[in-house]
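In: Requesting a structural model of the entry that follows:
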Amino acid sequence: MATPLGKRKADGSKSLAGRQEQYKQYVDGAIVRIRMENFLTYDMCEVFPGPHLNMIVGANGTGKSSIVCAICLGLAGKTSFIGRADKVFYNFF
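Out: So this is what the prediction gives:
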């Protein structure tokens with residue numbers, strides 16, 4: 001079960017005070033959470049990579065490439081970098 005990254009402050013932002021000890025294992029710039037909603041093969045998914053994660057393993061069709069695509073887009077990359085569609089369509093509510 002996923003745990004929240006921090007408690008909400010009065011202004012709506014989150015405090016990471018309770019998790020800072022855990023994050024000491026990570027290097028600066030490390031990915032600590034990937035959250036996908038209605039994204040390719042996932043309705044809703046949250047992935048919490050460990051500080052030493054270096055591969056994603058699973059059977060065919062389980063969504064490994066979807067996670068890589070989410071990382072690419074989350075870091076302002078283009079889908080063409082990983083051989084996906086040329087255009088991304090966003091549906092904001």
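In: C-alpha from now on. contacts and neighbour counts both.
Out: Will do.
In: mind checking the SS state of A70?
Out: helix (DSSP: H, G, I helix; E, B strand; the rest coil).
In: correct me, but it touches E37?
Out: No: counting by CA atoms under 8 Å, A70 sits too far from E37 to count as a contact (10.3 Å).
In: So for these two, which residue has more residues nearby?
Out: Each of A70 and E37 has its neighbours counted (other CA atoms under 10 Å); A70 has more, 18 against 11.
In: contacting residues around the more buried one?
Out: By CA atoms under 8 Å, 6 or more residues apart in numbering, the contact set of A70 is 34, 36.
In: Check which helix or strand N38 maps to.
Out: Per DSSP states H and E: N38 is located in strand 34-39.
In: Touching that strand from outside, list them.
Out: With CA under 8 Å, 6+ apart as the test, strand 34-39 has contacts from 42-48, 66-67, 70-71.
In: Please enumerate the strands of this structure.
Out: Along the chain, the stretches classed as strands by DSSP state E are 7-8, 14-15, 34-39, 42-47.
In: Can I get those strands in JSON lines including mean pLDDT?
Out: Output for the strands of the chain, formatted as JSON lines (pLDDT from 0 to 100):
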{"stretch": "strand 7-8", "mean pLDDT": "52"}
{"stretch": "strand 14-15", "mean pLDDT": "56"}
{"stretch": "strand 34-39", "mean pLDDT": "88"}
{"stretch": "strand 42-47", "mean pLDDT": "89"}
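In: and of these, who's closest to G83?
Out: G83 lies closest to strand 34-39 among those, at 16.5 Å (CA to CA).
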